[in-house]
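Undergrad: Got a sequence here, can you model it:
(chains A, B, C and D)
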Number of protein chains: 2
Amino acid sequence: MKKGEANRKRIVDAANQLFYHKGYNQTAFSEVADASGIPKGNFYYYFRSKEELLEAVIDDRLAGIKQMLAEWQRDIPTPRARLHRYAQIPLNELDDVLRYGCPMGSLNVELGKNQLHLQSQATEMFSLFRGWLEQQFDELGLGEKKVEYALHLLSVAQGAALIGNVYRDRTFIAAEVARMDKWIATL
Amino acid sequence: MKKGEANRKRIVDAANQLFYHKGYNQTAFSEVADASGIPKGNFYYYFRSKEELLEAVIDDRLAGIKQMLAEWQRDIPTPRARLHRYAQIPLNELDDVLRYGCPMGSLNVELGKNQLHLQSQATEMFSLFRGWLEQQFDELGLGEKKVEYALHLLSVAQGAALIGNVYRDRTFIAAEVARMDKWIATL
DNA sequence: GTCTATATGAAGATAGAC
DNA sequence: GTCTATCTTCATATAGAC
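TA: Modelled structure (predicted):
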């Protein structure tokens, strides 16, 4: 990897975490600079604007999601087991979810207020899960219901993450995951 | 009402809507001034800081929620019918929810990132609903499950509002409300 | 109580040396 | 490619006249 590439990645990684922990609009360039060890003025060699940095962060997250879903598709033998794997996400990321909510959901909520061109990119993260979930329902022979069911599973996870975050309640998140698992099992 | 009181209310009403539509941190004083017709410098006669303005907005919302829930308690004869009434909220506010999400949820998500002292006040909005929902489950003889069930209903509504907002999908919100109604009916 | 003018600070962005 | 210094803009907040 070239030196410039390595620096770019350090900036994106630092911004990724800060945007999650503090929100996009509430994160200043100088904080990303401090966290990444790259001087502020040097940013504009890599990104022409803060928006472009957000786009790079979203692209990075999209790549991570794509890879994860491809691995699940390859390594988990049945669509039902894959759905159960999806339902576990909030528990796998429990501490972060309790403290900062869902990284996809909170970013979409923030950008959806009045930065619609940015939200449309953030929505792609949901759409990766949505397409993958629809595929699982297809494979289960539930193609007729796949749109409703996929959105339903996105929705349940978002509700659990949001209320879990509001009340810092790990028990509740576990209960909602159990409820999702039960629903998946009886499909 | 004294003149000063009327002006104060106009500021709070304008801020209330702007905080919902644009988010708290993304709303500037000057915008509240324009929307309310009160000159910028005059704000500090009514509120010592932006945070204090938010507190006034939250207090205003809390009062509205309290009144609404008291009316429901008084006018709707059975706890089950009251729960059904709760489930209708996202449909009653459909256009706003599609465009801006849930006013309670989106504010909590924003403040929960790194303004915890403000989030704790915003959380009170949820807690009013939570307590009222628990009361309904109590009256239904489901006191043992009331904590889990109340949080569950908060969670379902939040998930529906968030995903409905992300995809601007009214059909999905209607489907989730129908699912909630079905769940309430079979309790 | 109401308003204008302005202070203050921070943020995003740029210029230009090395 | 890397970094320092700085510009500009805009937000919160204040001072003080009326």
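Undergrad: residues near A:Asp181, how many?
TA: By the criterion of other C-beta atoms under 10 Å in any protein chain shown, A:Asp181 has 14 neighbours. Quick note: C-beta positions are derived from backbone N, CA and C, even for glycine.
Undergrad: Let me see the contact set for the closest residue to A:Leu53 other than its chain neighbours.
TA: Leaving aside its sequence neighbours, A:Leu53 sits nearest to A:Phe47 (C-beta to C-beta, 6 or more residues apart in numbering or on different chains; 4.4 Å). A:Phe47 sits next to A:11, A:53, A:56 when contact means C-beta atoms under 8 Å, 6 or more residues apart in numbering or on different chains.
Undergrad: A:Glu176: what's it in contact with?
TA: By C-beta under 8 Å, 6+ apart, A:Glu176 lies in contact with A:90, A:156, A:159-160, A:164, B:152, B:155.
Undergrad: let's go with 6 Å and repeat that
TA: A:Ala160 (C-beta atoms under 6 Å, 6 or more residues apart in numbering or on different chains).
Undergrad: and it, what helix or strand is that in?
TA: helix A:170-185 (DSSP states H and E).
Undergrad: and that helix, how far from the chain's centre?
TA: 19 Å (C-alpha atoms, centre = their mean, to the nearest Å).
Undergrad: and what of stretch A:99-110?
TA: How far stretch A:99-110 lies from its chain's middle: 8 Å, per C-alpha atoms, centre = their mean.
Undergrad: Identify each buried residue in that stretch, please.
TA: For stretch A:99-110, the buried set under the neighbour-count rule, 16 or more other C-beta atoms under 10 Å in any protein chain shown, comprises A:100-110.
Undergrad: and if you look at stretch A:29-40?
TA: Neighbour counts over stretch A:29-40 (16+ other C-beta under 10 Å) mark A:29, A:32-33, A:35-36, A:38 as buried.
Undergrad: so of those, which ones are in helices?
TA: Judged by DSSP state H, these include A:29, A:32-33, A:35-36 as members of helices.
Undergrad: picking up where we left off before, and the buried residues of stretch A:29-40 as JSON lines, adding pLDDT and distance to A:Trp183?
TA: Formatted as JSON lines, those follow (pLDDT from 0 to 100; distance: C-beta to C-beta, whole Å):
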{"residue": "A:Phe29", "pLDDT": "93", "distance to A:Trp183": "44"}
{"residue": "A:Val32", "pLDDT": "96", "distance to A:Trp183": "40"}
{"residue": "A:Ala33", "pLDDT": "95", "distance to A:Trp183": "46"}
{"residue": "A:Ala35", "pLDDT": "95", "distance to A:Trp183": "40"}
{"residue": "A:Ser36", "pLDDT": "95", "distance to A:Trp183": "42"}
{"residue": "A:Ile38", "pLDDT": "93", "distance to A:Trp183": "46"}
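Undergrad: ok, those residues vs DNA strand D, which is closest?
TA: Using C-beta to the nearest atom of the strand, A:Ile38 is the member of the buried residues of stretch A:29-40 that sits closest to DNA strand D, with 5.6 Å.
Undergrad: Starting from A:Ser127, give me the distance back to that closest one.
TA: For A:Ile38, the distance to A:Ser127 equals 31 Å [C-beta to C-beta, to the nearest Å].
Undergrad: now the strands: where do they sit in chain A?
TA: Assigned by DSSP state E, chain A shows no strands.
Undergrad: Domain-wise, how is it divided?
TA: Domains of chain A are assigned by automatic domain parsing as A:1-48, A:59-185.
Undergrad: which stretch among those comes nearest DNA strand D?
TA: When the domains of chain A are compared (using C-beta to the nearest atom of the strand), the closest one is domain A:1-48, at 1.9 Å.
Undergrad: Do stretch A:112-126 and DNA strand D come into contact?
TA: No - Stretch A:112-126 lies out of reach of DNA strand D by C-beta under 7 Å from any atom of the strand, never closer than 11.8 Å.
Undergrad: could you dump that stretch to PDB, C-alpha only?
TA: Provided in PDB are the C-alpha atoms of stretch A:112-126 (Å, rounded to 0.1, in the frame of the first residue of the first chain):
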ATOM      1  CA  GLY A 112     -32.700  12.400   6.900                       C
ATOM      2  CA  LYS A 113     -33.600  15.600   8.600                       C
ATOM      3  CA  ASN A 114     -32.200  18.000   6.000                       C
ATOM      4  CA  GLN A 115     -29.300  16.400   4.200                       C
ATOM      5  CA  LEU A 116     -31.200  14.200   1.800                       C
ATOM      6  CA  HIS A 117     -28.500  13.700  -0.800                       C
ATOM      7  CA  LEU A 118     -26.300  12.300   2.000                       C
ATOM      8  CA  GLN A 119     -29.100  10.200   3.500                       C
ATOM      9  CA  SER A 120     -29.700   8.500   0.100                       C
ATOM     10  CA  GLN A 121     -26.200   7.100   0.300                       C
ATOM     11  CA  ALA A 122     -26.500   6.100   3.900                       C
ATOM     12  CA  THR A 123     -29.700   4.300   3.000                       C
ATOM     13  CA  GLU A 124     -27.700   2.000   0.800                       C
ATOM     14  CA  MET A 125     -26.400   0.300   4.000                       C
ATOM     15  CA  PHE A 126     -30.000  -0.700   4.800                       C
END
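Undergrad: related to what we said a few turns ago, from the buried residues of stretch A:29-40, which are also near DNA strand D?
TA: Answer for the buried residues of stretch A:29-40 near DNA strand D (C-beta under 7 Å from any atom of the strand): A:Ile38.
Undergrad: State the distance from the residue lying closest to A:Ile76 once chain neighbours are set aside to A:Ile58.
TA: Excluding the flanking residues, the one nearest A:Ile76 by C-beta to C-beta, 6+ apart is A:Arg82, at 4.8 Å. With distances taken as C-beta to C-beta, A:Arg82 is found 24 Å from A:Ile58.
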